[in-house]
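Colleague: next comes the sequence, and after it the predicted model I'd like to discuss.
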Amino acid sequence: MVISKLRNIGVIAHIDAGKTTTTERILFYTGKIHRMGEVDLGSAQMDWMPQEQQRGITITSASTTCIWEDHTINIIDTPGHVDFTAEVERSLRVLDGAVAVFCAVAGVQPQSEKVWRQAEKYSVPRLVFINKMDRIGADHHKALEGMREILGAVPLPVQMPVGIESNFAGVIDLVNMVNLCWVDPEGEKIEKGEVPEEYLDPALRSREKLIETLAEHDDRIMALYLDEKEVPAVLVQEAIRKGTIKGSFVPVLFGSSLKKKGVQPLLDAIIGYLPSPEDLPPVKGKWKEQEVVRLPEVDQPFSALLFKVMAYAGRPTLYYLRVYSGRCALGDRMLNTRTQKAERAMKIMRMHANRREEIREMVVGDILALVGLKNAKTGDTFCDPESPISFEEPIFPQPVIFVSIEPKSVKDQEKLMNVLDVLAEEDPTFQVRVDEETGQVILSGMGELHLEVLSERLFTEFNVQGRVGNPQVSYRETVTKTVKVTDRFAREIAGKDQEATVTLQVQPLHMGGAVKFEDQVADGKIPPEMKRVIEQAALEAASSGVKAGYPVIDMKIILLDGEYHPDRSTDVAFIAATSNALNQCLRDAGPVLLEPVMAVQVETPDDFTGDVMGSLTHRRGIIEGIENQGQVEVISGKVPLLEMFGYTTSLRSLTQGRGSFTMELAHYREVEG
């Protein structure tokens, strides 16, 4: 495989924008599948889980590989529902490019913005495919404006749609000034011809805007533009590719995946405009506090990031890796830099959703799954034992909702805990704990649907018998005052005197802050290794507040002073002194309970707008805006999570089953009353 002919891309979007349908069409036109599946019928290749087929949504990111114009494309189809945002996060962490699918009717939607920001975080170059151009209410101008206003992006239309809504017939390629029309039911045959006369003037104006934008970023085009000379298509393509990879603008294409129009030019754009691994800067990592760089070349030392774990009932766990440099054959030793232990894979597999193809070697640029790793988790780096490197791990959001679960019988208890451990290893946003007071098993996740799907997998896939309690809010705690406390721990333990003194100060931070630790003790007074012990003990103590035992947020912990005695100060003494000091600080600093407040967007036919607004207000919601999107109204607001339980059923009842909503954590605020 030639690295320059490899593309690692993700398909990202808001739920129901058409990601999976677009991916199905890509797989069909590249010959990967011979019959196109449909999401609504539960036959989409990439939505292979029973839970996905039942609900008609993507839950887990699925990878596949296809060939187009002698190029290899590794594709990851990601979920659009906010409850499964971790799947998008870890996929974008390892991808080189992305196709953002926007609905021509709804434009830039809440989760569109969320996944866009995630892509920006990892500097992933993007294309935009404005889908559903055939739908009533389609307005691509509004979608382009949303890109500018909401996303702060510079859209660069490289096509112009021919017709709209039911009259959508094809697109005009503005780079080559060619009309593209799809003429058969399967969308395989494309008629290329001259631009229709009635579209010629607007197409020329659109191409002029395209050239003007490119001239701002390319000196060669600027010279031709100022001399009023024709800019050749090859030069236009080169400039678009260069600017896309640099992030100067975002090429925009149009189509209707459901009606099989516009997908082949999208494939051409993926090849033409998105980067190969060698087009991007070398990847950077660390080893023993020193920066280490790896080039995307086969003769470099092997390095890879484990970005996803997938568990199956009765089958070996799959570990998904992105290879950044070098090569590694089946059976070769790989160093896990987290555990400092070498491992060997029993199998290397190229995946097509849940289907597997065994291969003998992984090389730079590959996205593959391994079987047989013994102690691996999401975020681990695997590398050549002789040339270690550790890559930065993806960071995942914290759960905001929890339920209790009880095994049906005592004999199910051990099986339940084993399966929960497997699922928690697979999903970084799913957490399991046992309540020390009640003994209940508590499951925490990103939303009702997230926990519903995981519970369903427990009962059907893993055959665990149990009962799930009602959803509960995962609150937080914070402090409202600045407090300083000194604690001296002095005790004889196992015949040895242990002593340590710690002075801590806690103070409130702005809303949305984590817990931060700051060391203000002069160098030499406390050894560095003991300062690390103090920091770890303080952060551990802050994970359980004094008000109700919830994690503390929006707080700074400052180490002001301490006493170290070489013959008596131990880890145990400093941990005890730190924990005691912090707990006293929390008690004295005016602790308050915080509840999660969600940013909610409800889509409803305009006939029900008043009823929906009333329902949100009744749930202690604050309405922030209403926007018309074709035949539906989009109501935005902030609502406490506690009030949103069961809202799916309520909204269906209010809107005769035609309403839908999305929500994500906005912030925490003090509990009223």
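Modeller: Alright, I've got the coordinates.

Colleague: by mean pLDDT, point me to the weakest helix or strand of the chain.
Modeller: None of the helices or strands of the chain scores lower by mean pLDDT, DSSP states H and E than helix 50-55, at a mean of 55.

Colleague: which stretches of the chain have low pLDDT?
Modeller: 1, 34-60, 80-83, 354, 436-438, 630, 673 (pLDDT under 70).

Colleague: circling back to that earlier point, could you point out the helix or strand that follows the least confident helix or strand of the chain?
Modeller: Counting by DSSP states H and E, the next helix or strand C-terminal to helix 50-55 is strand 62-68.

Colleague: buried set for that next one?
Modeller: Ala62, Ser63, Thr64, Thr65, Cys66, Trp68 (16 or more other Cβ atoms under 10 Å). C-beta coordinates here come from the backbone N, C-alpha and C atoms, glycine included.

Colleague: let's have those in JSON lines, adding distance to Leu253.
Modeller: Below are the buried residues of strand 62-68 laid out as JSON lines (distance: Cβ to Cβ, whole Å):
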{"residue": "Ala62", "distance to Leu253": "23"}
{"residue": "Ser63", "distance to Leu253": "23"}
{"residue": "Thr64", "distance to Leu253": "21"}
{"residue": "Thr65", "distance to Leu253": "22"}
{"residue": "Cys66", "distance to Leu253": "18"}
{"residue": "Trp68", "distance to Leu253": "15"}
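
Colleague: before we move on, what SS does Gly365 have?
Modeller: Assigned state for Gly365: coil (three-state reduction, DSSP: H, G, I helix; E, B strand; the rest coil).

Colleague: contacting residues for it?
Modeller: For Gly365, the contacting residues are Met1, Ile3, Leu6, Asn8, Asn74, Ser276, Pro277, Pro296, Val323, by Cβ atoms under 8 Å, 6 or more residues apart in numbering.

Colleague: if we use 6 Å, what do you get?
Modeller: Residues near Gly365 by Cβ atoms under 6 Å, 6 or more residues apart in numbering: Ile3, Leu6, Pro277.

Colleague: give me the neighbour count for the second one.
Modeller: Spelled out, that is Leu6. Leu6 has 23 neighbouring residues, counting by other Cβ atoms under 10 Å.

Colleague: who does Ala329 bridge with?
Modeller: Glu361 (DSSP bridges).

Colleague: assess the claim that it and Met362 are in contact.
Modeller: No. Taking Cβ atoms under 6 Å as the definition, Ala329 is not a contact partner of Met362, at 8.2 Å.

Colleague: who has more neighbours, those two?
Modeller: Met362 (28 against 13).

Colleague: any idea how far Ile553 is from Ala581?
Modeller: Ala581 sits 19 Å away from Ile553 when distances are taken as Cβ to Cβ, to the nearest Å.

Colleague: so those two - more neighbours on which side?
Modeller: Ala581 (29 against 20).

Colleague: quick one, what contacts the more buried one?
Modeller: Val485, Asp487, Val502, Leu504.

Colleague: if we ignore the residues flanking it in sequence, what's nearest the second one?
Modeller: Spatial nearest neighbour of Asp487, chain neighbours left out: Ala581 (3.8 Å); criterion: Cβ to Cβ, 6 or more residues apart in numbering.

Colleague: check the secondary structure at that neighbour for me.
Modeller: Per three-state DSSP, Ala581 ends up helix.

Colleague: residue ranges of the strands in the stretch 151-300 of the chain, please?
Modeller: 155-157, 159-162, 170-173, 178-182, 190-193, 250-254, 283-287, 290-294 (DSSP state E, counting those that start in this stretch).

Colleague: reformat the ones you listed as TSV; add mean neighbour count and distance to Thr649.
Modeller: Output for the strands of the stretch 151-300 of the chain, formatted as TSV (neighbours: other Cβ atoms under 10 Å; distance: least, Cβ to Cβ, whole Å):
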stretch	mean neighbour count	distance to Thr649
strand 155-157	21	39
strand 159-162	23	39
strand 170-173	24	42
strand 178-182	19	41
strand 190-193	12	46
strand 250-254	24	37
strand 283-287	16	47
strand 290-294	14	51
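
Colleague: is it possible to get JSON lines of these that adds distance to Lys516?
Modeller: JSON lines is the format used below for the strands of the stretch 151-300 of the chain (distance: least, Cβ to Cβ, whole Å):
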{"stretch": "strand 155-157", "distance to Lys516": "38"}
{"stretch": "strand 159-162", "distance to Lys516": "48"}
{"stretch": "strand 170-173", "distance to Lys516": "51"}
{"stretch": "strand 178-182", "distance to Lys516": "55"}
{"stretch": "strand 190-193", "distance to Lys516": "57"}
{"stretch": "strand 250-254", "distance to Lys516": "35"}
{"stretch": "strand 283-287", "distance to Lys516": "22"}
{"stretch": "strand 290-294", "distance to Lys516": "24"}
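
Colleague: out of the ones you listed, flag the one nearest Thr337.
Modeller: Among those, strand 283-287 comes nearest to Thr337, with 7.5 Å by Cβ to Cβ.

Colleague: that closest one packs against which elements?
Modeller: Judged by 3 or more Cβ pairs under 6 Å, 6 or more residues apart in numbering; DSSP states H and E, strand 283-287 is in contact with strand 290-294.

Colleague: name the helix or strand for Lys374, please.
Modeller: Judged by DSSP H and E, Lys374 forms part of no helix or strand.

Colleague: what of the one 5 residues further on?
Modeller: Secondary-structure assignment from DSSP H and E places Gly379 in no helical or strand segment.

Colleague: picking that back up, restricted to strands, list the contacts of Ala581.
Modeller: Val485, Asp487, Val502, Leu504 (DSSP state E).

Colleague: between those residues, which has the most around it?
Modeller: Result: Val502 is most packed of the ones in strands among the contacts of Ala581 (other Cβ under 10 Å), 31 neighbours.

Colleague: may I have the beta-bridge partners of that one?
Modeller: Bridge pairing for Val502 - DSSP bridges - gives Asp487, Gly562.

Colleague: so who does it touch?
Modeller: Asp487, Gly562, Ala577, Thr578, Ala581.

Colleague: who's in contact with the second one?
Modeller: By Cβ under 6 Å, 6+ apart, the residues touching Gly562 are Thr501, Val502, Val521, Ile526.

Colleague: please report how far the third one lies from Thr503.
Modeller: Which is Val521. For Val521 relative to Thr503 (Cβ to Cβ), the value is 9 Å.

Colleague: just the last one next, same as before
Modeller: Distance check for Ile526 against Thr503: by Cβ to Cβ, it reads 11 Å.

Colleague: compare the two (neighbour count), which wins?
Modeller: Legend: neighbour count by other Cβ under 10 Å for Ile526 and Thr503, higher for Ile526 (23 against 19).

Colleague: who's in contact with that one?
Modeller: Gly562, Tyr564 are the contacts of Ile526 under Cβ under 6 Å, 6+ apart.

Colleague: centroid-nearest residue for the protein?
Modeller: Glu89 (2.2 Å; Cα atoms, centre = their mean).

Colleague: how far away is it from His14?
Modeller: 16 Å.

Colleague: same deal with Pro566?
Modeller: 60 Å.
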